[in-house]
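Asker: return a 3D structure for these sequence lines:
(one chain, ligands or ions: 1)
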Amino acid sequence: PSGAEPDRRNLTSMETDALIGGLNVSDGHPRMPLTAAQRAIVDSLPALFDEAEKRVFEEIEAEAQQAFLHGIGQHRAPVGTGRLVSCYSSSVAMDITARALAHRTDTIALVHPTFDNIPDLLRGRGLKLLPVPEAELTGGEPELPDEVGAVFVTTPNNPTGWVLSEDGLRRLAAFCARTGRVLAMDTCFRAQDERAQYDTYAILEESGAQWVVIEDTGKLWPTLELKAGFLAWGEHTDLPLLEYFSDVLLSVSPLVLLMLTRFAQDAERGGYAELHGLIARNRRALAQVLDGGPVRLTDPDARISVARVTLPEDGPDAVALYDELVRRGTHVLPCGPFHWDRPQDGVRQVRLALARSGEDVVRAARALVDAVRAH
Ligand SMILES: N=C(N)NC[C@@H](O)CC(=O)C(=O)O
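Answerer: As a prediction, the model looks like this:
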């Protein structure tokens, strides 16, 4: 565990502590059991290794990008154009994007709240940040000072589950085109929420805006961090993304891409329905444990694989509860750090991961209610 005070630590350091054992409902990474179909894909890895060794990388990459992105409604993703690259993770894609944006502007308007590694990566590249509430983005015309050169939106957003609607994106993209701002999107949770699966690329291309999109396979399947972050940009996006990508890597593993193609194909054939079912069941199970007690589910309509709960005013605050739960062997996340511009806004909320077995979610929910009551 890092020495810093819990309310000064970043979320990933707390997620790292959760990896050393205990009941981990901390990170948004998939830690539920493989389905039988997914187990069969894992069993085929030796054969996939032989196939990956033989085939042309570019072909394997285009196949994986097509299988994954078309499976979540992104038919106009720029597959095969040279403007869609594969990174080891979406955060690697994010850092490349941050470096490229810093080449273009000093100030970014960033959705607030959101997962803290996003502002941390942007600030790490010297960018100044302006918080924009979700509601202002929905309107599509946020009030921004001239020095803001880009708008960065996480949709579905983490930890709220808020989704930028198709009309909201159309308005926001038109606004960015009109005001000469880059529109950057982190869509890492979109495969979990069909409301986020309208064709983003069709809208972005038609808008005339300069745009960057970061996709992620890493929140969906329990593949032990074998994943890819896809980084895409527009034909007129004037950012050194390919140059900065090439500084970081030559290519991800074709074996991982082949495996992702199989998982994406299985997902289209019913795997997504199973995943959405698991997340919905776990959200309902959490709500049932909380029902009638002092803690409530913050975002009942959210569909992503994390859930916020709101704590009673007379109970422990988020950091005190986080500490007490760690002492009891259960790892959640206090929501302060998601509110990267005003941490006190998250002082009465904690987040639980739902991409877990049903038993883990119920056990964690019970531990949380017991700890609140014991305060
Ligand atoms: N590069 C980082 N820090 N990765 C952690 C991130 O994937 C966790 C996350 O997004 C979540 O728990 O919601």
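
Asker: residues touching Glu147, list them.
Answerer: By CB atoms under 8 Å, 6 or more residues apart in numbering, the residues touching Glu147 are 105-107. From N, CA and C alone the C-beta is placed, and that goes for glycine too.

Asker: one more pass at 7 Å, please.
Answerer: Contact analysis of Glu147 by CB atoms under 7 Å, 6 or more residues apart in numbering lists 106-107.

Asker: quick check: residues of the stretch 151-300 of the chain near the ligand?
Answerer: Within the stretch 151-300 of the chain, the positions adjacent to the ligand are Asn158 by CB under 6 Å from any ligand atom.

Asker: what's the mean pLDDT across stretch 270-279?
Answerer: Across stretch 270-279, pLDDT averages out at 98.

Asker: go on, stretch 331-345?
Answerer: On average, the pLDDT along stretch 331-345 is 98.

Asker: list the buried residues of it.
Answerer: Along stretch 331-345, these residues count as buried under the neighbour rule (16 or more other CB atoms under 10 Å): 331-340, 343.

Asker: could you do stretch 71-87 as well?
Answerer: By 16+ other CB under 10 Å, the buried positions in stretch 71-87 come out as 71-74, 76-79, 83-87.

Asker: whichever helix or strand Phe152 is part of packs against which elements?
Answerer: In this assignment (DSSP states H and E), Phe152 forms part of strand 148-154. Judged by 3 or more CB pairs under 7 Å, 6 or more residues apart in numbering; DSSP states H and E, the packing partners of strand 148-154 are strand 107-112, strand 182-186.

Asker: winner for burial among the ones you listed?
Answerer: strand 182-186 (a mean of 26; mean count of other CB atoms under 10 Å).

Asker: can you list the strands that the strand holding Phe152 pairs with?
Answerer: strand 107-112 (parallel), strand 182-186 (parallel) (DSSP bridges).

Asker: could you dump those to a markdown table with mean pLDDT and distance to Val248?
Answerer: Listed next are these as a markdown table, based on pLDDT from 0 to 100; distance: least, CB to CB, whole Å:
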| stretch | mean pLDDT | distance to Val248 |
| --- | --- | --- |
| strand 107-112 | 98 | 20 |
| strand 182-186 | 98 | 17 |
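
Asker: and those: which comes nearest Leu321?
Answerer: strand 107-112 (22.7 Å; CB to CB).

Asker: tell me if the closest one is near the ligand.
Answerer: No: no part of strand 107-112 sits close enough to the ligand to count as contact by CB under 6 Å from any ligand atom; the gap is at least 13.9 Å.
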